[in-house]
Every structure is written in C-alpha cells, then in structure tokens.
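sequence isn't available, so here's the structure alone:
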C-alpha cells in the first residue's frame, strides 16, 4: 500500500497550483492524505467496502484534450448543459448568456483569481478530511466548477453537469463549489458516465452552501461504466430557513462509494435525502450519509431504497447526530432493500446519536425479497413472473421516484432502472 500512497503523492505534487492560497490548501490536504493513508476493512466506515482491486491499479491524472473524443450521451432532460470529458470543460461560453444577470459559472481554478472573496470562505471549509480520498481530491483539484447565485435570484432552468471518462487507467478529480445566497434558488443535476469497457477512476467532491431562505435541488446520477471506480462526496452547509433536496440515483460502476454530509447550522433549516441504488452483476455500491442537527428547530428526512440483483453488494450507513442545543429536532431515516438474487448481499446500519431531549427522531432498516403472495396473485391474473416482478419493483421504488419533483427526470430514472434490472 505504501507504493500506491507514494504514487498518488507524486500525482498530487504534479498538480500543485500556482495560486498561493490554493497551493497552501493543497499542501495541507496532501499532508492529511499522507497521514491518513488509504482506508482498510479495519476502519469502521470502510468495514464492508474493500479497496483491494482499486489498489492493484495506478490511475493517472487526466491530460488536457482539445475536443471531446466522442459525443456524450445526452438523454437526461435539462435546460442547460455543461460537459466535462476526461476532466476537460466544454460548453461554458454558450451557457453563460442564458443565465440571469449576476449568476457566475466558471472553472473553479479560474474563478479563484477573479472571485476569491466568494470562494475562500467555503472551499475546503465545509467538510474536514475524514478519509484519504477526500484529502486527495483537495490536493489535486484538477477540474470542476464554481457556481454562484446572488441574493434574490431564482434560476428557473435546470443545469446539467455531465462528466464522462473514456481513457483506460485515467483519474479525474472533480471539485465543485456551489454558493446560493439568501432568497435564491437553483436546480443542478450531476451526471457521471463513461465507457463500459474502460477501467477508470472518478474522485468527485461537491461543496454546497445554501443561504438564508435559499432552496437548492441537487440530483446525482451515477451511471459509470461497469469497470469504473467512483468515490464521491456531497457536503452541504445550510443557513436559516434554507431547504436542500438531495436526490441520488446509482446504477453504475464496479466499486462505488457515495457520501452525503449535511450541516444544519441555523434555525428552520430543512433537508431531504432521497436515494435509489440498484447494483447488478459484480457491482458494489456503498452509501454513507450524515446529518448534523447543530441548532434547534430543524428537520431532516432520509429515505434510501436498494434493489440488488445477480451477484452484487450494497452498503448503507446513515447517521443522524442531534446536538445538545438542537431542541425540537425532527429527524426521520429509513433504508429498505429488496434482494432479487440469493447471491445479492446488503449491509445496512441506520444510526441515531441524540444529545437533546425534546426531539422526534425515527429510524429503521429492512431487507427482504419480492412478496411471493403478490407474485402468485398476479400470476392468477395471467401476468408472467418477470412482468409481475417489474410491477412489484416499480411499486417498491415509486415513493422515491415520486419525491423527484421533475416528472421527466423521474420517468427517465424509472426507465433506466428497468434497463438496469433487465
């Protein structure tokens, strides 16, 4: 493992910024990476996710391209699109003219030289480095966007950011910073895809700040190639009376770790974390979530569902932490799973840590199979087992799909889920 650690240390050093402030941030992150090291199964947070196959390869930072190698699959319904191919940004210039006045969307590193006052308070500040991949992302920070919505601006169009990889043993380190000021709103979709035949690595972090009374809708579509490695983290900081809706749809990748951390830092903040994951043959999908209720009168809801087929594995670990002064907290958490195969396996662990006494907190987890009585009933109505199974699976996922308040996107997810399950 020390050999791999040295390889990624050198990769980070080669990407060190010429911007003094960013270089200091990268140096600190590299020190964290060297100190923490890659997690093993002995680390509680990685107990069920082994990195052996990842550590057998060396993924080199993507090199700049003049143009996309081939068209990106553009089937997700959205109004505005930015493409990132092998780490290279495309489509920004034509996009800016379609945005309301004052809205900024630029490459993060470029934006640092022009809007450092808007970036410095948040970049690398929302989430401490809890494992090596987070630190490595900050140390390299190769590509990504700065999105800024000024006070009182509602961006009505949905923004789609599509990241695609095409090159064998390549790594892309994406870092997005989204700052939405008070009384503003925006909807953003992050779409991750790549070649099915290629083994590559995506390391992505998105830091999101929601100002007072802001409303942010964030959607993550993870449909990486079946040989891909994907480590991602969404870190959210919420201010007074803000609302953040986080939706996750995960069907791709060989080994996937997708984390969401939400800090409810001010009165009246509310968050929704809604997810569907459906690993198939040879896939491992791991979700870790954490909601920190730091102050009184905040609400959070987590609802993740897993549909596992063939020889696959999933992990769900959801935590809710309620601080001593976070009275009148309302926190709900549930995780439900269906195993469609005897070879499918899921490890689920919902957790509550409550230090306040005036709260309403619930959590639960279930693992089961399709209801044989329901399948038999449908069979008596002339419906074949395969079709009946699809009905029951869609009924299982229906509540989560209905929570996606964009009907065309919800329908797209439903259709992709059907394709994934065959």
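Thanks, I have the structure now. As the structure is a prediction and not an experimental result, all values here were calculated from the model. Numbers count the residues shown, from 1 in each chain.

which residues does residue 319 bridge with?
residue 290, residue 351 (DSSP bridges).

cool, residue 143 as well?
residue 174.

so it touches residue 88, yeah?
Yes. Between residue 143 and residue 88 there is a contact at 7.3 Å, judged by C-beta atoms under 8 Å. No exception for glycine: its C-beta is placed from N, CA and C like everyone else's.

any common contacting residues for these two?
Taking C-beta atoms under 8 Å, 6 or more residues apart in numbering as the criterion, residue 143 and residue 88 both touch residue 62.

quick one, which of these two is more surrounded?
residue 143 (23 against 18; other C-beta atoms under 10 Å).

from residue 174, how far off is the more buried one?
Using C-beta to C-beta, to the nearest Å, residue 143 is found at 6 Å from residue 174.

now residue 253
In terms of C-beta to C-beta, residue 253 sits 15 Å off from residue 174.

where do the contact lists of residue 143 and residue 174 overlap?
With C-beta under 8 Å, 6+ apart, residue 143 and residue 174 have common neighbours 84, 87.

could you pull out the helices for the stretch 101-250 of the chain?
108-114, 116-119, 132-140 (DSSP state H, counting those that start in this stretch).

residue 123 reaches residue 178, doesn't it?
No. Under the criterion of C-beta under 8 Å, residue 123 makes no contact with residue 178, lying 11.1 Å away.

common neighbours of the two, please.
residue 207.

pull the number of nearby residues for the nearest residue to residue 337 once chain neighbours are set aside.
Leaving out its chain neighbours, the residue that sits closest to residue 337 by C-beta to C-beta, 6 or more residues apart in numbering is residue 306, at 4.0 Å. By other C-beta under 10 Å, the residues close to residue 306 number 27.

who are the contact partners of residue 306?
Neighbour list for residue 306: 276-279, 285, 314, 316, 335-338, 346, 348 [criterion: C-beta under 8 Å, 6+ apart].

at 6 Å instead, please
277, 314, 337, 346 (C-beta atoms under 6 Å, 6 or more residues apart in numbering).

packing partners of the strand or helix carrying the last one?
Assigned by DSSP states H and E, residue 346 falls within strand 345-354. Helices and strands touching strand 345-354, as assessed by 3 or more C-beta pairs under 6 Å, 6 or more residues apart in numbering; DSSP states H and E, comprise strand 313-322, strand 329-339, strand 359-368.

tell me which of those strands lies nearest to residue 118.
strand 313-322 (29.0 Å; C-beta to C-beta).

list of residues touching the least confident helix or strand in the chain by mean pLDDT?
Least confident helix or strand of the chain, by mean pLDDT, DSSP states H and E, is helix 372-380 with a mean of 78. With contact meaning C-beta under 6 Å, 6+ apart, helix 372-380 is reached by 388, 392.

which residues touch the closest residue to residue 22 other than its chain neighbours?
Take residue 22 and drop its neighbours on the chain: the residue closest to it by C-beta to C-beta, 6+ apart is residue 112, 5.8 Å away. Applying C-beta under 6 Å, 6+ apart, we find residue 112 in contact with 19, 22, 119.

how close does the residue lying farthest from the centre of the chain get to residue 340?
Centroid-distance maximum for the chain: residue 380 at 41.9 Å, with C-alpha atoms, centre = their mean. Counting by C-beta to C-beta, the gap from residue 380 to residue 340 is 22 Å.

and the nearest residue to residue 273 once chain neighbours are set aside, how many neighbours?
Using C-beta to C-beta, 6+ apart and skipping residues adjacent in sequence, the residue nearest residue 273 is residue 302, 4.4 Å away. Residue 302 has 27 neighbours, counted by other C-beta under 10 Å.
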